[in-house]
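Participant: Everything below, folded, please.
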Amino acid sequence: MFKKLIVLILLFYPITSLAVLIPNDPLFYRQDYLKKVNAQKAWDFSDGSGVVIAFLDSRIDINHPDLIQNIWTNIDEVPGDGIDNDSNGFIDDIHGWDFVSGGNNPNPSFRDDCLEEGLCNEIGINHGTILAGIAAASGESKQGIIGLAYKAKIMPIRVLDDNGVGNIRSVIDGINYAVNNKVDIINLSLVGSYKSGALERVLKKAYKNGIVIVAASGNDVSESNGFNLDENPLYPVCEIQENNFIIGVGALDKFGEKLDASNYGSNCIDISTVGENFYSTLFYSPNNKNFLEGYGGSWSGTSVATALVSGAAALVKSANQNLSSNEIKNALTQNVNDFSNLETKFINKMGSGELDAFRAVRAVAKNVKNVHKEPELSKKYLITSFSESNSSAVKIFNLTDNFFVKDFNVGNKELKEKVNLSSGDVVGGNKNEIIIGAGSGEKSYVKIFDDLGRLKSDFFAYDKNFRGGVQVTTGDIDNDGIDEIITGAGVGGGPHVRIFDKNGNLKSDFFAYDKNFRGGVNIVVADINNNKKSEIIVSPQTGKETIKIFNSLGEIMNKFILSKNNFQKGINIAIIEVK
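Facilitator: Numbering: from 1, shown residues only. Got it, this is the predicted structure:
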């Protein structure tokens, strides 16, 4: 049997807000590009589960601690037996294939002096690993970074050498391999100037097999504004003109302007996203002085922008596995943000707008059952408030893994300070709402939000001119299965405790202390005597008043005082269960 224990906390200083938690991937703070595409809101709906992204690129570090859990594995092949168990023409292709050297090892492998001898370069070695991390590095792993689609699988297909150079034959073979192994998305962060009928045919084959193809528009550092692809087309981004199913990607800088090096063109680019200052995974080799860091930053260009779009495509696919490749493309390109700072001369030449992963995923997930649901508020979620420039903001964190879930603004000018928070099932349906009471200095609002941050109702708990703040809590006072909202007036107001329903209808009220007391009232509720009705426990915010317990009728049941007679700082209270 559980008993309720009242915990007293002496308040020598007022508690104004709780510590801000961050995702448990410690380098997440370096990934500003995820914020620009609304990644955290998109994760409410999808994480990339059940989706495979093929990266036709340079080698990928399949043993990297932030990638290894998400590397695709060919379950039909027996490792190391020298037999083509699945009869696909590739022996021991456990984790993809190398179409440059013709082997089954997609992991970086090169001479220690390759940089010095000009046999490789840093970008050529790291390119594939960087892109894989952006799109699909494992998340919630308490290490490194997090990929946009952090539970998607990575299929390494090497088509570029250690200098980042490849040929059309390798790309064609790589696409065929991806198609035959039933990937969902192909990332092509590469361009060439030669139009190939064979490449066009294999791309159409991939499309007919339901695969989403994402291609970079390319960079040209020799031109101050990049190439106009309408005049100088590159491939594969411009490969298909009629019934264009390829998602062509342009890159923007951090201000929303076209990235200087990014190519552009109305016939080839479908969407743009940030492509500047990316931080991601790198090839790590403790035995090579040139590759001692597993992470690095400042990567820019259409290659990284393309990987971000591939990650977003994976989120969309994961949210609704029944979507066709065209529907995924439309979800991405039709649910964009308007260009924030694009020069007039590039309008209509950088696609439909700026990538917003959240809007794209929400558009396809909202009518799908059993997709990653919006988090229902319960004991495992921490709700915090803090003040922003012109309003109060609320953040929600999952206490199981300290992972950020969502945030929203209270959204009006009256609530600029840190607010008082509670949650409870005040509407019914076994789903908790967020209850907000005005902070000190603001009108005496109470606001009710659902777990999507949508305002459901609001009302004044006290005279609207009272500005001492409103303490809020919830509990089932009348045993009807729905929580009531209980309020206490802050410092400067009378010790007035009020009980409301969700619409602000007053159900009952009482004074917790002498009506002349102006020290403010803290409140909590709990079923102290196990009668299935919540009792109300009050304490003073300032002064040395007693702790009191009231029943649902406002009748006092018990009271006690602290032994320290001179204590004047107020008391905070909480309820815990003990066996």
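
Participant: only C-alpha atoms for contact and neighbour calcs from this point on.
Facilitator: Fine.

Participant: all helices of the stretch 51-200 of the chain, in order?
Facilitator: Per DSSP state H, counting those that start in this stretch, the stretch 51-200 of the chain carries helices over the ranges 114-117, 122-136, 168-180, 197-208.

Participant: in the last one, what's buried?
Facilitator: Within helix 197-208, the residues that count as buried by 16 or more other CA atoms under 10 Å are 199, 200, 202, 203, 204, 206, 207.

Participant: Which parts of the stretch 301-450 of the chain are helices?
Facilitator: With DSSP H, counting those that start in this stretch as the criterion, the stretch 301-450 of the chain has helices spanning 302-319, 325-334, 357-365.

Participant: What is the burial count for the residue lying closest to residue 28 once chain neighbours are set aside?
Facilitator: Distance criterion CA to CA, 6 or more residues apart in numbering; nearest residue to residue 28, sequence neighbours excluded, is residue 145 at 5.2 Å. As a burial measure, residue 145 scores 30 neighbours (other CA atoms under 10 Å).

Participant: List the residues that contact residue 500.
Facilitator: The contact partners of residue 500, by CA atoms under 8 Å, 6 or more residues apart in numbering, come to 484, 485, 486, 506, 507, 508.

Participant: repeat that with 7 Å
Facilitator: Neighbouring residues of residue 500 by CA atoms under 7 Å, 6 or more residues apart in numbering: 484, 485, 486, 506, 507.

Participant: ok, so what distance separates the last one from residue 497?
Facilitator: Looking back up the chat, that one is residue 507. 11 Å (CA to CA, to the nearest Å).

Participant: When the two are compared, which one has more neighbours?
Facilitator: residue 497 (24 against 13).

Participant: Three-state assignment for the more buried one, please.
Facilitator: Here residue 497 is recorded as strand under DSSP: H, G, I helix; E, B strand; the rest coil.

Participant: Equivalent analysis for residue 33, please.
Facilitator: Assignment for residue 33 (three-state DSSP): helix.

Participant: Do I have it right that it meets residue 274?
Facilitator: Yes - contact criterion CA atoms under 7 Å: residue 33 and residue 274 qualify, at 6.5 Å.

Participant: quick one, which of these two is more surrounded?
Facilitator: A direct count of neighbours by other CA under 10 Å for residue 33 and residue 274 places residue 274 higher, at 31 against 21.

Participant: OK, contacts around the closest residue to that one other than its chain neighbours?
Facilitator: Setting aside the residues directly before and after it, residue 274 is nearest to residue 252 in space (CA to CA, 6+ apart), at 4.6 Å. Contact partners of residue 252, counting by CA under 7 Å, 6+ apart, are 258, 259, 272, 273, 274, 275.

Participant: Give me the pLDDT for residue 252.
Facilitator: For residue 252, the pLDDT comes out at 97.

Participant: Make 830 the first number, not 1, from now on.
Facilitator: Shifting the count to begin at 830 puts that one at residue 1081.

Participant: where's it relative to residue 1259, distance?
Facilitator: Taking CA to CA, one finds residue 1081 at 44 Å from residue 1259.

Participant: Also residue 1320?
Facilitator: Distance of residue 1320 to residue 1259, given as CA to CA: 34 Å.

Participant: And residue 1292, by the same measure?
Facilitator: Distance from residue 1292 to residue 1259, by CA to CA: 32 Å.

Participant: likewise residue 1157?
Facilitator: 34 Å.

Participant: Please work out how many residues are found near residue 904.
Facilitator: 12.

Participant: For the stretch 930-1079 of the chain, which segments count as strands?
Facilitator: Here the stretch 930-1079 of the chain has its strands, by DSSP state E, counting those that start in this stretch, at 982-987, 1014-1017, 1041-1045, 1076-1081.

Participant: chain center to the last one, what's the gap?
Facilitator: What separates the centre of strand 1076-1081 from the centre of its chain is 21 Å, taken as CA atoms, centre = their mean, to the nearest Å.

Participant: what angle separates it from strand 1041-1045?
Facilitator: Interaxial angle, strand 1076-1081 versus strand 1041-1045 (axes from the mean of the first three to the mean of the last three CA atoms, to 10 degrees): 40 degrees.

Participant: any idea of the angle strand 1076-1081 forms with helix 1154-1163?
Facilitator: Going by the same axes, to 10 degrees, strand 1076-1081 makes 20 degrees with helix 1154-1163.

Participant: next one: the first one
Facilitator: Between strand 982-987 and helix 1154-1163, the angle formed by their directions is 100 degrees, by the same axes, to 10 degrees.

Participant: got a list of contacts for strand 982-987?
Facilitator: Strand 982-987 is contacted by residues 880-889, 899-901, 924-929, 935, 961, 965, 1003 when judged by CA under 7 Å, 6+ apart.

Participant: In strands only, show me the residues you listed.
Facilitator: Among those, the members falling in strands are 881, 882, 883, 884, 885, 886, 926, 927 (criterion: DSSP state E).

Participant: Most neighbours among these, which one?
Facilitator: residue 882 (32 neighbours).

Participant: which residues does it contact?
Facilitator: 982, 983, 984, 1012, 1013, 1014, 1015, 1016.

Participant: Which among those residues count as buried?
Facilitator: In the contacts of residue 882, the ones that pass as buried (16+ other CA under 10 Å) are 982, 983, 984, 1012, 1013, 1014, 1015, 1016.
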